Structures are given as structure tokens and as C-alpha cells.
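Peer 1: Structural data only, the sequence is not supplied:
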């Protein structure tokens, strides 16, 4: 056993002992099975990638692997897939793209091999088409040869029409992966004003989509779309996301933001990534890729429906009650929209986490259990905090993590003494609190009378 391996194992043991709570990451890594946590720790230590980016990229990859093969059912008539829209946010040089490349590599490898098979099949198909009817019969081919289909998971820059065509051939599901997410939403109106944005709003809700192909009588009908979206975006252009109707039609509410508080640029690590790491991650994703897909007589997928265990469902309903109270008291309409969408995402997280545990042999997939629900709630609260950070960034409000937490916990209307009590609990000194309050009168807060304030809808 080499010295580097010993060092890495000591690091992993310590990380697991500490619950894998690394100082530069708030991502709740404990949501994952131990094998995935170990892989995250190895990649972080050896490659220097921020844990939030690694973990969220792997979360998306697991969701893509599940696709339309399984749905989670909270109640009759309410089913959710594992579909996610995720944005990795950071300034240039913060290693946003590399974790995505690591997490999505199993799908790239799959797509590459499938493309080779498709090219071979298409060459044969083309040769058969060129034959006369008599030649095809004599050679043992069908009179009407069927054009081969290319199986795939990943797409990049593409129109809704082209995407619908590919999705019709890959009903299991796809992932739109773009290195610069801004290119995705900036192109929404390149052909028809507003149509592409509406397409993505419908896809998120898994509503049937119909694409009318130019010069073709028939339409492309996707009964249950599944297209996860993931990419990176720089902090300085976050404001572009809220332009136009995106701030009012709920589009931005559907995006899960990952924006770790990185104070320093990562240093190169002298520790080599173990040769087994990539293979172990590939094996987990392969377990999901190999899930069989049943189809009905019309060729539509028949996903396996996973219900909730009774105690798990009860816990989820308790969480929703608390989320609803936050919606009732939150003065910021933008954040209310986000909190509402988190009620959809928490259910999707339950499915992803349960399936990840199944793929790592740490659970089954007969039902969503209480463990998966508790982990899903933890993950949802992480994304709630991220949404608050992103909103502050878009609004031009530069707040520390302590100030963000204080702002989140303050009620819509509060007295000075009440706010001081909350600030003290969060470790903020009285002078620091009063300075924060006075500097943000008219911006974050409004003064009703002496000692009484309310939060502004900013």
C-alpha cells in the first residue's frame, strides 16, 4: 500500500467520522450512500473540486440515470419524476465545469458507444434502402427497412423541435448539459418570442409536449417529457436570469442554484485520484442505466411507481406545513415562488435518494422510506438557503452568511428586542446588528415607528 493511499484512507476515515462536513461546503453530503460519499471525498481531496459542485453534479447524474423508469407517488393522481434544473454558480476559475465532466462521464461513454453502433446500423440501413425490392427480398431483408435509432442521454445546444425529435426516440429521458447556462436561456426567443421558454416550463411539469415539424404533416408527441438541465453560470450574469418574463412566470423558481461560499481559489493537490474512483462511480450509474424499461402496446414507457411508507409520508406532510407557513409570512414574492417549487423538488429528491440507496445496495425501491424523506428535507433546506443567496446577489445585496440567516429568520414584522434575540442566537453582536439594521432601512427594512420594523419585498 503506497503512502498516498494511506493518507487518503486516513482522510476518508476522518471525513466519515465528521459526517463529511467539510469546511468549504454546506451541501448535506449525508444524503448519499456511503460509497458515493467516499467518491465525493476522494475527488475533493485529489482534484480540488468544491464539494457542493461535485455533490450536486452527482445528484443530477443519478436523476438522469433514473429518467422516466420510475415515478414517485405522493397520492393518487400526483406523481413526480426525478427531473432537475440545476445551475452551478461561481466566478471564473472556481472549478464548476470539471465536477460536471466527472459526474456525467458514464453517460458520455454510453453515448459514444451507442453512436458507433448507430453509425454501423445506419450504413447497413442505407445500403438496404439503395437495393431494389427484389434484391431486398432475395437478401432476406424486410421490404420496408426501418431506420435505426440512436440511443443517447446527453444533448447540448439544440432547438425544442430538434430536442423533441431526439426525445421521441429516447423516451426514457435526456439531459441538456451546457457549460454556459446563460447560452441556454438567452436563446429562448431566437425563433419564436416566448415559445421556447414556455416549452421548458411545460417540460418541468412533465406536461405533454407537441412539436409540429416544418414540412411534415405529423407532429412529435411526447406524452411524459423528461429532460433534466444542468450547467454553469457566472455570478456576475445571474441578473440576466431575472430579465423579461422570467421573473414573473415562475421560470427562475424552477432552477436549483448551487453557490458555495468560496473565499480562496483551490490549490493543486499532489495526491493522485485512485484508479478505482472513476470505475466505482461508473458502476453506480451503470446500475441505473441498466434498469429495464417496460412499454405498452403503443410503445410508451410504463414507469415503475414507488409509493411512500406511511411514516415517511407523515413526515413529508409535516415539512410541507412548515414550508406553507414560510410562504404565508415571507414578504418577498420571488422567494415565495421558490418555496412553492421546493414542495415539488422535495418529492423528487425522495425518489433520487431512494434510488441512489438502491443502486448502492443500501436500500430497496419498493417504497420511499423515512430515511430518504429526512435526507430529502435536508437537501431541500440547502437549496432554500442557496435561493436566498442568489436572490441577494441578483438584487445587488451583498450579505454575509450570518446576515442572510438573520434575514431569513426575522418575521415579516418585528420589534428591535425580538430581532436582537434572534441575532444573538446566531452569534451576531448587538452593535453589528444595529449597524446592519440602520444601513438597510429603505432597502431591506422599513421603519414603522420607534422600535418596530418590517421587511421589504426586495
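Peer 2: It's in. From a predicted model like this one, the values you see are computed outputs, not experimental measurements.

Peer 1: quick one: contacts of the helix or strand hosting residue 135?
Peer 2: Per DSSP states H and E, residue 135 falls inside helix 133-138. Residues outside helix 133-138 that contact it (Cβ atoms under 8 Å, 6 or more residues apart in numbering): 128, 142-143, 145. C-beta coordinates here come from the backbone N, C-alpha and C atoms, glycine included.

Peer 1: how does it look with 7 Å?
Peer 2: Outside helix 133-138, the residues that touch it by Cβ atoms under 7 Å, 6 or more residues apart in numbering are 128, 143.

Peer 1: Can you give me the buried ones in it?
Peer 2: residue 136 (16 or more other Cβ atoms under 10 Å).

Peer 1: tell me what the helix or strand following it is packed against?
Peer 2: Using DSSP H and E, the helix or strand that follows helix 133-138 in sequence is strand 154-155. Using 3 or more Cβ pairs under 7 Å, 6 or more residues apart in numbering; DSSP states H and E, the elements in contact with strand 154-155 are helix 97-130, strand 174-180.

Peer 1: Would you format these as a markdown table with mean neighbour count, mean pLDDT and distance to residue 446 included?
Peer 2: Listed next are these as a markdown table, based on neighbours: other Cβ atoms under 10 Å; pLDDT from 0 to 100; distance: least, Cβ to Cβ, whole Å:
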| stretch | mean neighbour count | mean pLDDT | distance to residue 446 |
| --- | --- | --- | --- |
| helix 97-130 | 16 | 94 | 41 |
| strand 174-180 | 20 | 92 | 38 |
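
Peer 1: Tabulate the ones you listed (CSV), appending distance to residue 164.
Peer 2: What follows is the helices and strands packed on strand 154-155, written out as CSV (distance: least, Cβ to Cβ, whole Å):
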stretch, distance to residue 164
helix 97-130, 18
strand 174-180, 10
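
Peer 1: between the ones you listed, which gets nearest to residue 390?
Peer 2: Proximity to residue 390 (Cβ to Cβ) singles out strand 174-180 among these, at 17.1 Å.

Peer 1: packing partners for the closest one?
Peer 2: Under the contact rule (3+ Cβ pairs under 7 Å, 6+ apart), strand 174-180 is packed against helix 97-130, strand 154-155, strand 227-233.

Peer 1: For the stretch 201-350 of the chain, which segments count as strands?
Peer 2: Ranges of strands within the stretch 201-350 of the chain are 209-212, 219-222, 227-233, 256-258, 304-307, based on DSSP state E, counting those that start in this stretch.

Peer 1: Please convert the ones you listed to CSV, extending it with mean neighbour count.
Peer 2: Formatted as CSV, the strands of the stretch 201-350 of the chain follow (neighbours: other Cβ atoms under 10 Å):
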stretch, mean neighbour count
strand 209-212, 16
strand 219-222, 15
strand 227-233, 25
strand 256-258, 26
strand 304-307, 14
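
Peer 1: who wins for proximity to residue 96 among the ones you listed?
Peer 2: Of all these, strand 227-233 comes closest under Cβ to Cβ, at 4.1 Å.

Peer 1: Show me how far that closest one is from its chain's centre.
Peer 2: Relative to the centre of its chain, strand 227-233 is centred 7 Å away, using Cα atoms, centre = their mean, to the nearest Å.

Peer 1: which stretches of this protein aren't confidently modelled?
Peer 2: 1-25, 189-194, 212-218, 242-249, 263-264, 397-398, 442-443, 457-458 (pLDDT under 70).

Peer 1: again, only using 50
Peer 2: Residues of the chain that meet the criterion pLDDT under 50 lie in 1, 3-8, 10-25, 458.

Peer 1: Residues touching stretch 277-290, excluding its own?
Peer 2: With Cβ under 7 Å, 6+ apart as the test, stretch 277-290 has contacts from 35-36, 39, 42-43, 61-62, 65-66, 106, 110, 355, 359-360.

Peer 1: Name the helix or strand for residue 87, please.
Peer 2: Going by DSSP H and E, residue 87 is in strand 85-89.

Peer 1: name the helices or strands packed onto that strand?
Peer 2: If you count contacts as 3+ Cβ pairs under 7 Å, 6+ apart, strand 85-89 packs onto helix 51-66, strand 227-233, strand 256-258.

Peer 1: go with 10 Å
Peer 2: The contact analysis (3 or more Cβ pairs under 10 Å, 6 or more residues apart in numbering; DSSP states H and E) places strand 85-89 against helix 51-66, helix 97-130, helix 181-186, helix 195-204, strand 227-233, strand 256-258, helix 370-394.

Peer 1: what would the helices and strands packed on strand 174-180 look like in a markdown table with distance to residue 347?
Peer 2: Output for these, formatted as a markdown table (distance: least, Cβ to Cβ, whole Å):
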| stretch | distance to residue 347 |
| --- | --- |
| helix 97-130 | 22 |
| strand 154-155 | 25 |
| strand 227-233 | 15 |
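
Peer 1: For residue 211, find the nearest of the ones you listed.
Peer 2: Checking the helices and strands packed on strand 174-180 against residue 211 by Cβ to Cβ gives strand 227-233 as the closest, at 12.7 Å.

Peer 1: Next, the angle from the closest one to strand 85-89.
Peer 2: With axes from the mean of the first three to the mean of the last three Cα atoms, to 10 degrees as the basis, strand 227-233 and strand 85-89 are set at 10 degrees to each other.

Peer 1: What strands flank strand 227-233, and is each parallel or antiparallel?
Peer 2: Strand pairing for strand 227-233, using DSSP bridges, gives strand 85-89 (parallel), strand 174-180 (parallel).

Peer 1: Quick check: which of those strands is nearest to residue 261?
Peer 2: Residue 261 sits nearest to strand 85-89 of all these, at 11.1 Å, using Cβ to Cβ.

Peer 1: list the contacts for residue 36?
Peer 2: By Cβ atoms under 10 Å, 6 or more residues apart in numbering, residue 36 lies in contact with 29, 54-55, 58-59, 62, 280-281, 284, 356-357, 359-360, 362.

Peer 1: Please report how far the residue lying farthest from the centre of the chain lies from residue 272.
Peer 2: Ranked by distance from the centre of the chain (Cα atoms, centre = their mean), the top residue is residue 134, with 53.0 Å. Using Cβ to Cβ, to the nearest Å, one obtains 62 Å as the distance from residue 134 to residue 272.

Peer 1: From residue 234, how far off is residue 143?
Peer 2: Residue 143 is 56 Å from residue 234, by Cβ to Cβ.

Peer 1: With neighbour numbers in mind, choose between the two.
Peer 2: A count of neighbours by other Cβ atoms under 10 Å puts residue 234 above the other of residue 143 and residue 234, at 16 against 8.

Peer 1: The more buried one and residue 240, how far apart?
Peer 2: 10 Å.

Peer 1: where do the contact lists of the two overlap?
Peer 2: With Cβ under 10 Å, 6+ apart, residue 234 and residue 240 have common neighbours 181-182.

Peer 1: Spatially, and excluding backbone neighbours, which residue is closest to residue 161.
Peer 2: residue 211 (5.2 Å; Cβ to Cβ, 6 or more residues apart in numbering).

Peer 1: Report the contact partners of that neighbour.
Peer 2: By Cβ under 10 Å, 6+ apart, the contact list for residue 211 reads 159-165, 167-168, 199, 219-222.

Peer 1: beta partners of it?
Peer 2: Under the criterion used here (DSSP bridges), residue 211 is bridged to residue 220.
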